[in-house]
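J.: What shape does this take:
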Amino acid sequence: MSSKITASPPASPSTPRPAVFGALFRFLEPQFDALNLSPGDAGLPATPANEALFGWWRTEAAQLQAFVDGPYRALSWQMCHNDFSPSNVLVAQGRVKAVLDFEFATPAARALDIAMGLRMTMRYWENPAPWTALRRFCRGYTRRLPLTPAELQAIPWLIRLRSAISTLWWLGRTDIRRNPGRVPGCIANQQEFVRWLANYEPQFVAVLMAAANL
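T.: Numbering: from 1, shown residues only. Presented below is the predicted three-dimensional model:
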């Protein structure tokens, strides 16, 4: 593996969108192997803490790749926004009037939009028991687009996938050696959600199912 890491140029508006959520670790053609990312790739010392964190990332990356190669491809697909969050929505008089920022729009599993919306609405990093927000969001969304039980059960994995994509997008567009201190934080954010899921996933899925009347 080469130690030289170069930044990728930003995509122009005419650049065809990559299959971001289907190719996963291959969509950016990064200068490093994301499945084998080590502290040294980011210019960080191989301390026990860094080795443990990057070791966790490699395990998470392998699990997400297996999900993308298997269950993810069996879900229903459509054109998705893929960055559905409060900051990309205009609201007037209590109603959504417009959705903005289609940078990541691409064919993907349709449940990815609800997964991204839930992640940013629940804000589990601030509220470890976000059941009211989860219930309201899912109830409102599924009135317009009912999801299957398989899609609802996949949402925890889809949130993990969407979170990892954000990290990979940044790593692939940035010379990470110029700002190596940010890399552990990106990985730690992913780790935080996986730990949250370990405690709450059965309850999380049960609330989703109930909100969707399934």
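J.: can you pull the contacts of L134?
T.: If you count contacts by Cβ atoms under 8 Å, 6 or more residues apart in numbering, L134 has them with L118, T121, M122, F204, V207, L208, A211. From N, CA and C alone the C-beta is placed, and that goes for glycine too.
J.: Check those residues against S87 and report the nearest one.
T.: Ranking these by separation from S87, with Cβ to Cβ as the measure, puts T121 on top at 11.2 Å.
J.: Give me the neighbour count for that closest one.
T.: Taking other Cβ atoms under 10 Å as the criterion, the count of residues near T121 is 19.
J.: That one against F137, yeah?
T.: Yes. Shown here, T121 and F137 form a contact pair, counting by Cβ atoms under 8 Å, at 5.0 Å.
J.: Tell me where the longest helix sits in the chain.
T.: helix 182-211 (DSSP state H).
J.: for it, packing partners?
T.: Under the contact definition 3 or more Cβ pairs under 8 Å, 6 or more residues apart in numbering; DSSP states H and E, helix 182-211 sits against helix 48-69, helix 131-144, helix 149-173.
J.: I'd like the contacts of L134 written out as a markdown table, with distance to D83 and pLDDT added.
T.: Output for the contacts of L134, formatted as a markdown table (distance: Cβ to Cβ, whole Å; pLDDT from 0 to 100):
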| residue | distance to D83 | pLDDT |
| --- | --- | --- |
| L118 | 13 | 86 |
| T121 | 13 | 83 |
| M122 | 16 | 85 |
| F204 | 22 | 88 |
| V207 | 24 | 89 |
| L208 | 21 | 89 |
| A211 | 23 | 86 |
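J.: Separate out the buried members of these.
T.: Neighbour counting over the contacts of L134 (16 or more other Cβ atoms under 10 Å) leaves L118, T121, M122, F204, V207, L208, A211 as the buried ones.
J.: The fifth one: what's it in contact with?
T.: The reference is to V207. W131, L134, R135, C138 are the contacts of V207 under Cβ under 8 Å, 6+ apart.
J.: what's the closest non-adjacent residue to the last one?
T.: Read it as C138. Counting by Cβ to Cβ, 6 or more residues apart in numbering, C138 lies nearest to A211, which is 3.9 Å off, once chain neighbours are set aside.
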